[in-house]
Structures are given as C-alpha cells and as structure tokens.
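Trainee: coords please:
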Amino acid sequence: MRANNDSSSSTLATDAGSKKKSLDDIQNNVGVLLKTLKPGDITNYPKPGETCTIHYDAYIEEDYISGENPVPFDSSRKRGECFNFCLGAAQVIEGLDVAVSKMSLGEEVEATIPFPYAYGVAGYPPVVPPRTTLIFRVELIQISSSTDN
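Mentor: Numbers count the residues shown, from 1 in each chain. The predicted structure follows:
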C-alpha cells in the first residue's frame, strides 16, 4: 500500500514469521518501510529474475538516526561503482530484494529493513551487530532482463 505525504510516500507491510520464503511471500508480508526520496518513472518495475542496477548506502539504524552525518558501513557510491544483482535470487538480503521490487526505474528510497530480513539474530560481525535494523538509501538505476544485451 502506498500513502502519499507531501513530497514523500511510504510502503509498509507486516512481519512474515518464517525464515526463507518466495519473493512474492516476502513482498506481501515483510515489515520493510520505504520512504520515497525521489520519485521514479512509476511505469517500469523490476520483476523476479531481472538484473537490477542500483546505487546504495547502508547504515545501522541507530547510527543513522542519532548522527548528524552518519557514515555508511557499506556503500556502492563510495566505491564509485553501481551494484548489480538478480531480483529474487537470494543474492542480497531479503529486505533489499523487497525494497527494490517495489521501486520504479529512477526512484530513490530510504528503506528501513528489520533485522529478520537483514542479517538476522546473529548480525554480520564485526560490521553489523546482532538483531540490527538497517537503513538503506537505494536508487534504482537500471532494469535488465536476461535477453537484454
């Protein structure tokens, strides 16, 4: 569901409960919150199996909320290189798959990803502590099918 607030919109779904699910199940049941920072073309949305090209900055929620100039723990922008992945193929954390699947081409969002759909109970030591919610600032730059050259 999309709700418009001034110049931003949000998408909210509720917690799924089980560990591994299909992308459709995850899209409909995960508590991933999207805040639109820049609207996309609202026409072209990625489908499972397509390659998505994104730029992202990944933050620990606590650092992002409390800091004036939070530093991402991972960033394609800082590397100066876009990141490519196949949507729905478990190549990224589940919450990022969900976020990108809801974005249209050119859209930029701030995605809040709860720990069950990020790095889980264990985290990703030493970078991401256990049970950590993440914030991703993501821009969907390109969508390619396997038949595109």
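Trainee: alpha carbons only for contacts and neighbour counts from here, please
Mentor: Will do.
Trainee: how much space between the residue lying closest to residue 128 once chain neighbours are set aside and residue 124?
Mentor: Residue nearest to residue 128 in three dimensions, not counting chain neighbours: residue 60, with 7.2 Å by CA to CA, 6 or more residues apart in numbering. Here the distance between residue 60 and residue 124 works out to 11 Å (CA to CA, to the nearest Å).
Trainee: next: residue 79.
Mentor: 20 Å.
Trainee: neighbour count winner among the two?
Mentor: Summary of the neighbour comparison: residue 79 and residue 124, criterion other CA atoms under 10 Å, with residue 124 having more neighbours (14 against 10).
Trainee: skipping adjacent residues, who's closest to the more buried one in space?
Mentor: Using CA to CA, 6+ apart and skipping the chain neighbours, the partner closest in space to residue 124 is residue 130 (7.2 Å).
Trainee: and for residue 63?
Mentor: What sits nearest to residue 63 in space, not counting adjacent residues and going by CA to CA, 6+ apart, is residue 70, at 6.1 Å.
Trainee: is it true that the one you found touches residue 60?
Mentor: No: when contacts are counted by CA atoms under 8 Å, residue 70 is not listed as touching residue 60 (9.0 Å).
Trainee: so which of these two has more stuff around it?
Mentor: Neighbours were tallied for residue 70 and for residue 60 using other CA under 10 Å; the higher tally belongs to residue 60 (22 against 14).
Trainee: list the contacts of the more buried one.
Mentor: When the contact criterion is CA atoms under 8 Å, 6 or more residues apart in numbering, the partners of residue 60 are 72-73, 128, 132-135.
Trainee: so which of those residues comes closest to residue 145?
Mentor: Ranking the contacts of residue 60 by separation from residue 145, with CA to CA as the measure, puts residue 135 on top at 27.5 Å.
Trainee: check contacts around the residue nearest to residue 63.
Mentor: Counting by CA under 8 Å, 6+ apart, residue 70 touches 59, 63-64.
Trainee: the same query, at a cut-off of 10 Å, please.
Mentor: Applying CA atoms under 10 Å, 6 or more residues apart in numbering to residue 70 gives the contacts 59-64.
Trainee: buried only: go through those for me.
Mentor: With neighbours counted by 16 or more other CA atoms under 10 Å, the contacts of residue 70 contain buried members at 59-61, 63-64.
Trainee: those residues: which two are farthest apart?
Mentor: Every pair in the buried ones among the contacts of residue 70 was compared (CA to CA); the two farthest apart turn out to be 59 and 63, at 7.0 Å.
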